[in-house]
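Undergrad: just need the structure, nothing else, for what follows:
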Amino acid sequence: MPLTRRRFAALLATALAAGLATGWAGGAHAQEKVVRIGYQKYGTLILLKNKGLLEGKLKALGYSVRWAEFPAGPQLLEALNAGAIDFGNTGEAPPIFAQAAGAPLVYVGYEPAAPEGEAILVPKGSPLKTVADLKGKTVALNKGSNVHYLLVKALEKAGVAYADVKTTFLTPADARAAFERGAVDAWAIWDPFQAAAEKTIEARQLADGTGIVSNYQFYFTTKNFAEQAPQVVDAVLAGVAEIGAWVKANPKAAAEEFSPLVGIPTPILEVALARQQYDVKPITPAVVAQQQEVADAFHKLGLIPKPIRISDAVRAARS
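TA: The predicted model follows:
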């Protein structure tokens, strides 16, 4: 049969359809979608990354994973707001600032309270004995982090106005340096940096979060990602739960694995791990209410420019 123009067009159409249905479609499938996860240098997500447990779960869903490290929660949520990552976790204060700034974040899970995992520290020889002694003094902290709220509530409990304390906003590494050279009077910090300072330079606690704050850890994604890939969010949370169960069952092994990742000796990390809960749970109304208290306190102090409703940023329950 001669290859007429009409016959050629029909063959080409057939070939295109076959290609899209088989090989070309398979090629598109091979280009996996990516979930970008932000993590900090301590916590469940860095162990999840190190163990490589998530990659298999996501591959079955047609996704690969790309990891990005951040020095603290505020920087991580800035990346979420900018669209640079899809998932991450922080303490209770960073999402307040992020939501107030218009970040499209969604709370998708939390770790139970760990009030001992953050503290206000002073040098070994400091004359300061109580939180009330911080009046007129300088405290180093990471702005918008979980310890920001600890400082606010600890001062309130001690009857000291937040405005009566000088704050200098520094990352953990810079704050440690300032603390050691005496450039600041106190340091509000979380584990494992807290445990390291207590052990290596004998820093002393004025107060930890006990009886003051809950110190929750929250897991987040963006509104778009929660809507477009709910099964991926569930897979990541399942991986977090798996790692959390392993840490609780094997604290010494977990500390040993953390040690080279964070550059902190194993015995110090064992102390820090003992002050965390390492579990992941769905967001509850009680947790939302406590997080709303954080937001309201920050707004009252003028730390965020407008009131926000935490419930507006909570993932709806999945049936």
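
Undergrad: phi first, then psi, for Lys135.
TA: Dihedral pair for Lys135: phi -60, psi 130, per degrees, to the nearest 10.

Undergrad: for Leu141, see how far away it is.
TA: Distance of Lys135 to Leu141, computed by Cβ to Cβ, to the nearest Å: 16 Å. For every residue, glycine as well, the C-beta is placed using N, CA and C.

Undergrad: more neighbours, these two?
TA: Taking other Cβ atoms under 10 Å, Lys135 and Leu141 do not tie; Leu141 has more neighbours (25 against 13).

Undergrad: so what secondary structure elements neighbour the lengthiest helix in the chain?
TA: In the chain, assigned by DSSP state H, the helix with the most residues is helix 230-249. If you count contacts as 3 or more Cβ pairs under 8 Å, 6 or more residues apart in numbering; DSSP states H and E, helix 230-249 packs onto strand 33-40, helix 44-51, helix 53-59, strand 105-111, strand 217-222, helix 223-228.

Undergrad: tell me the angle of it relative to strand 33-40?
TA: 40 degrees (axes from the mean of the first three to the mean of the last three Cα atoms, to 10 degrees).

Undergrad: which residues does helix 230-249 contact?
TA: Helix 230-249 is contacted from outside by 35, 37, 44-45, 47-48, 51, 53-54, 57-58, 61, 63, 87, 108-109, 111, 219, 221, 225-226, 254, 273, 278-280, 315, 318, using Cβ atoms under 8 Å, 6 or more residues apart in numbering.

Undergrad: chain center to that helix: distance?
TA: How far helix 230-249 lies from its chain's middle: 14 Å, per Cα atoms, centre = their mean, to the nearest Å.

Undergrad: so where do the strands sit in the stretch 101-250 of the chain?
TA: Here the stretch 101-250 of the chain has its strands, by DSSP state E, counting those that start in this stretch, at 105-111, 118-122, 138-141, 166-169, 186-190, 204-208, 217-222.

Undergrad: winner for burial among the ones you listed?
TA: By mean neighbour count, with neighbours taken as mean count of other Cβ atoms under 10 Å, strand 186-190 ranks first of the strands of the stretch 101-250 of the chain at a mean of 27.

Undergrad: can you tell me the strand partners of that one and which way each runs?
TA: Here strand 186-190 is paired, per DSSP bridges, with strand 118-122 (antiparallel), strand 138-141 (parallel).

Undergrad: quick one: that strand to chain centroid distance?
TA: With Cα atoms, centre = their mean as the basis, strand 186-190 stands 18 Å off its chain's centre.

Undergrad: tell me the mean pLDDT over that strand?
TA: What strand 186-190 shows for mean pLDDT is 97.

Undergrad: now Ala79, nearest residue through space, not along the chain?
TA: Ile85 (4.8 Å; Cβ to Cβ, 6 or more residues apart in numbering).

Undergrad: give me the phi and psi angles of the nearest residue to Ala317 once chain neighbours are set aside.
TA: Nearest residue to Ala317 in three dimensions, chain neighbours excluded: Pro282, at 7.1 Å (Cβ to Cβ, 6+ apart). Pro282 has phi and psi values of phi -70, psi 150 when expressed as degrees, to the nearest 10.

Undergrad: how many residues are close by Pro282?
TA: Neighbour count of Pro282, defined by other Cβ under 10 Å: 14.

Undergrad: pLDDT value on Val262, please?
TA: For Val262, the pLDDT comes out at 85.

Undergrad: surely it touches Gln40?
TA: No. Assessed by Cβ atoms under 8 Å, Val262 is found out of contact with Gln40, at 9.7 Å.

Undergrad: identify the contacts common to those two.
TA: With contacts defined as Cβ under 8 Å, 6+ apart, the residues adjacent to both Val262 and Gln40 are Ile46.

Undergrad: the more surrounded of these two?
TA: Gln40 (21 against 18).

Undergrad: residues in contact with that one?
TA: Ile46, Glu69, Phe70, Pro71, Ala72, Gly73, Leu76, Asn89, Thr90.

Undergrad: check it and give its pLDDT.
TA: pLDDT, read off for Gln40, is 89.

Undergrad: now swap in Phe8 and tell me
TA: With respect to pLDDT, Phe8 has a value of 35.
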